[in-house]
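Engineer: give me the fold of what follows.
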Amino acid sequence: MNAITCPANLWARLCAVAVLAPLTLLGALNDEMVNQLKLTSYTEPNFPGSARLEGIPDGIVTLAISRDAAGVPGDILVIDATDHRFGEAAVEAARQWRFAAVPPGTDLPATLVRIGFRLSGVVFVNSFSTGLAGLDGSTVARKLREPVEVPELQSLPDAPKALNQPMPAYPATLTGKAIEGTAKVRFFIDQEGRVRLPQVSEATAPEFAEAALAAVTQWRYEPPRKGMRRIVVAENWSFKFAANN
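Structural biologist: Numbering: from 1, shown residues only. So this is what the prediction gives:
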């Protein structure tokens, strides 16, 4: 499979990309990001003090964030980071964010956000924004303009093996009704081989969606790697339910 590229494919609606800008643009661009991500409460990440002392001038982090209907962030996964300290700072700030509330039961796919750190400040811009005038030409700024890519599990030369992979059980509430159906689940596998941010992309009944999620959240893989480096990958599964399975 090919890598996930935002916003060119199915995950276009999930993506937000941050870019670096001169200090004079920080306020306006951050306000734009807050509006486009529909944040009701926003905390800006702090530049890590230890990185500052070491003379590191900037950094990049990509996050995947789940949230509940009330707008409270749930699982926050660091997709990649130029330094683990920037990842920690980004997660700490994102935990304090609050998204606009939605009706219970609303489909809430994970939100991908790319964050640019620089000693002069941090700024976020939604990938669909056209307000990019005045951006500098630094290497980090150019990198942040690139699409977010998450490799698919099967695209790796040495795809990690599943260590624990129980299949979904037929929902007990449907026993005796002879109902068949399907469910499709999309999820990330983090650097430790754990399933993160699973979501049902399609299901013929809520019971099948719940059964598929209950199984997938127990799965564990070998750590995904690109060369010697551990990475995050994406995976999707389709399950078919029959009354006799």
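
Engineer: find the centremost residue of the chain, please.
Structural biologist: Ala64 (2.0 Å; Cα atoms, centre = their mean).

Engineer: ok, that one touching Leu112?
Structural biologist: Yes - between Ala64 and Leu112 there is a contact under Cβ atoms under 8 Å: 5.5 Å. (Glycine included, C-beta is placed from N, CA and C.)

Engineer: list residues touching both of the two?
Structural biologist: Common contacts of Ala64 and Leu112, defined by Cβ atoms under 8 Å, 6 or more residues apart in numbering, comprise Ile79.

Engineer: just the helices from the chain, written as ranges.
Structural biologist: 26-36, 49-53, 84-94, 139-145, 206-216 (DSSP state H).

Engineer: which positions in the last one come out as buried?
Structural biologist: If you call a residue buried by 16 or more other Cβ atoms under 10 Å, then helix 206-216 has these buried ones: 207-213, 215-216.

Engineer: spatially nearest residue to Val175 (excluding sequence neighbours)?
Structural biologist: Check again: residue 175 is Thr, not Val. Nearest non-adjacent residue to Thr175, counting by Cβ to Cβ, 6 or more residues apart in numbering: Ala243, 7.6 Å away.

Engineer: pull the contacting residues for that neighbour.
Structural biologist: 170, 174-175, 177-180.

Engineer: what's the local residue count around Phe239?
Structural biologist: 20 (other Cβ atoms under 10 Å).

Engineer: isn't it right next to Glu180, touching?
Structural biologist: No - using Cβ under 8 Å, Phe239 is not in contact with Glu180; the gap is 11.5 Å.

Engineer: against Leu108, how distant is the closest residue in space to Pro103 that isn't next to it in sequence?
Structural biologist: Excluding the flanking residues, the one nearest Pro103 by Cβ to Cβ, 6+ apart is Ala69, at 6.8 Å. Distance of Ala69 to Leu108, computed by Cβ to Cβ, to the nearest Å: 7 Å.

Engineer: now Val148
Structural biologist: From Val148 to Leu108 the distance is 19 Å (Cβ to Cβ).

Engineer: then Ala64?
Structural biologist: 12 Å.

Engineer: done for today, thanks.
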